[in-house]
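Q: Predicted model and sequence follow; I will ask about them next.
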Amino acid sequence: MNALLLKTVLLTALLTISFNSFPQCEIKNRLYADGSIFYYLEPVNFYYTKAKSLKGGIVTDKEDYYLELEPVPFPEKPAGLKLKEDLEVTLSTGNSFKLKHFDTHYEQKDTVMKMLFFIDKEVYVQFLNFEVSGVKINMMGDEGIRPYVFKLHKAALKEQLDCFLKQEKEKK
């Protein structure tokens, strides 16, 4: 019985290591009504409680990179479309910087609000080298600034951006 238990634990550990060693880099795309195409990886949970959550990831149009965030709760459509403030990002080094607001939209046939923030070329080097430890979103109105301290998947943005850049190099 002990030998079977030991083998099961060992096999589970090896599978876990192998899955973590080869992160998935399955790039998907989304076509918008205006004809633009954005490429993305599945959104990742950064923060989750019963009261609020935040998920998102890196998206690109093959020219520029953006941070797409899905905060919950979010305001209803008319009020949510007014959210146009820049995003404050804090890295694991303690350094903070702002990402310029690019777009806020609601997914068609869905109840999800997504916010896009432009990642400047000078800034994405920092995303490649350091984990993101948190963001502050200005939700305006009575709530004001909503801080999210990343509790889950802190390295996800680094891994996603690396995935896009590797694919870009392979195509050249």
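A: Cool, got the structure.
Q: Just want the phi and psi numbers for Phe127.
A: phi -60, psi -30 (degrees, to the nearest 10).
Q: what's near enough to touch it?
A: By Cβ atoms under 8 Å, 6 or more residues apart in numbering, the contact set of Phe127 is Ile58, Ile119, Leu157, Lys158, Leu161. C-betas here are computed from N, CA, C, even on glycine.
Q: Could you report the pLDDT at Tyr65?
A: Note for Tyr65: predicted pLDDT of 95.
Q: What sits closest to it if chain neighbours are left out?
A: Using Cβ to Cβ, 6 or more residues apart in numbering and skipping the chain neighbours, the partner closest in space to Tyr65 is Ile119 (4.4 Å).
Q: which residues in this structure form strands?
A: Under the criterion DSSP state E, strands of the chain are mapped to 28-31, 37-40, 44-48, 53-60, 65-72, 87-91, 96-106, 113-119, 132-138, 145-149.
Q: I'd like the ones you listed as CSV, with distance to Glu168 and mean neighbour count appended.
A: Shown next, in CSV, are the strands of the chain (distance: least, Cβ to Cβ, whole Å; neighbours: other Cβ atoms under 10 Å):
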stretch, distance to Glu168, mean neighbour count
strand 28-31, 14, 10
strand 37-40, 10, 15
strand 44-48, 21, 18
strand 53-60, 9, 22
strand 65-72, 10, 20
strand 87-91, 23, 19
strand 96-106, 20, 15
strand 113-119, 14, 21
strand 132-138, 21, 20
strand 145-149, 29, 14
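Q: how about those strands, which one is nearest Lys171?
A: Nearest of the strands of the chain to Lys171, taken as Cβ to Cβ: strand 37-40 at 12.0 Å.
Q: strand partners of that closest one, parallel vs antiparallel please.
A: strand 28-31 (antiparallel), strand 53-60 (antiparallel) (DSSP bridges).
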